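# Fold the following.
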Amino acid sequence: MSFLDRVRGLFGRAEPPPLSVDDPALVVVAGSFDPAEAASSVLAAADWREGERAVLRHHLELPPDRAGEAAELIGQDGYELRGPVPGSGGSPRFHAVRAQVVTALECARERSRMASLAQRLGGDAPGWDVLQPRRGETDNIAGSDPT
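Residues are numbered from 1 along each chain as shown. Below you'll find the model as predicted:
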């Protein structure tokens, strides 16, 4: 380890621990289904913990025959397509999920990208949400109820 690496270790920002999109302790801490609502406003009013890892989840309504294409496209950016999941009427609903440190700018940019993708594939992106582990969760003990 070089001197510079040791200095970075002492004074640098610690990398947040990894987070799984399947972590049973995840709960919704922010989100919006209003396209006119700014991500920065939503996050400012939410119980979201800035700087901590979270799961950014986009709700997508897609024609079933285009889901494979959507999965391939969003996979290039580290997203996983989940679903179909229970939704309200219309096209089947899918979730595009990715673990990351969420910022208002990143959230707004990704929401726009998902809306564009869904529209090109004949669908819609009605909303998004941010999930983080419940406050006070220190581990995932098997059998614990995440709700």
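# residues in contact with the most centrally placed residue in the chain?
For the chain, residue 56 is the residue whose C-alpha lies nearest the centre (C-alpha atoms, centre = their mean; 1.0 Å). Residue 56 is in contact with 97, 98, 100, 102, 106, 107, 110, 128, 130, counting by C-beta atoms under 8 Å, 6 or more residues apart in numbering. Any C-beta I mention is one placed from the backbone N, CA and C, and that applies to glycine too.
# Filter these down to the buried ones, ChimeraX style.
Selecting the buried subset of those in ChimeraX, with 16 or more other C-beta atoms under 10 Å as the burial test, is done by:
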select :97,98,100,102,107,110,128,130
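# Give me the below-cutoff pLDDT ranges for this protein.
Along the chain, segments meeting pLDDT under 70 span 1-17, 87-90, 136-147.
# Need the single longest helix in this protein, by residues.
helix 104-120 (DSSP state H).
# Would you indicate which residues of that helix are buried?
For helix 104-120, the neighbour count (16+ other C-beta under 10 Å) marks 104, 107, 108, 110, 111, 113, 114, 115, 117, 118 as buried.
# what's the last one in contact with, if anything?
Residue 118 makes contact with 60, 61, 62, 70, 124, 125 under the criterion C-beta under 8 Å, 6+ apart.
# Could I get the contacting residues of the last one?
For residue 125, the contacting residues are 58, 59, 60, 61, 111, 114, 115, 117, 118, 119, by C-beta under 8 Å, 6+ apart.
# count of residues packed around residue 74?
Residues near residue 74, counting by other C-beta atoms under 10 Å, number 22.
# what's around the closest residue in space to residue 104 that isn't next to it in sequence, how many residues?
Spatial nearest neighbour of residue 104, chain neighbours left out: residue 40 (3.8 Å); criterion: C-beta to C-beta, 6 or more residues apart in numbering. For residue 40, the neighbour count with other C-beta under 10 Å is 13.
# Make sure residue 40 is actually in contact with residue 103.
No - Residue 40 is beyond contact range of residue 103, at 9.2 Å (criterion: C-beta atoms under 8 Å).
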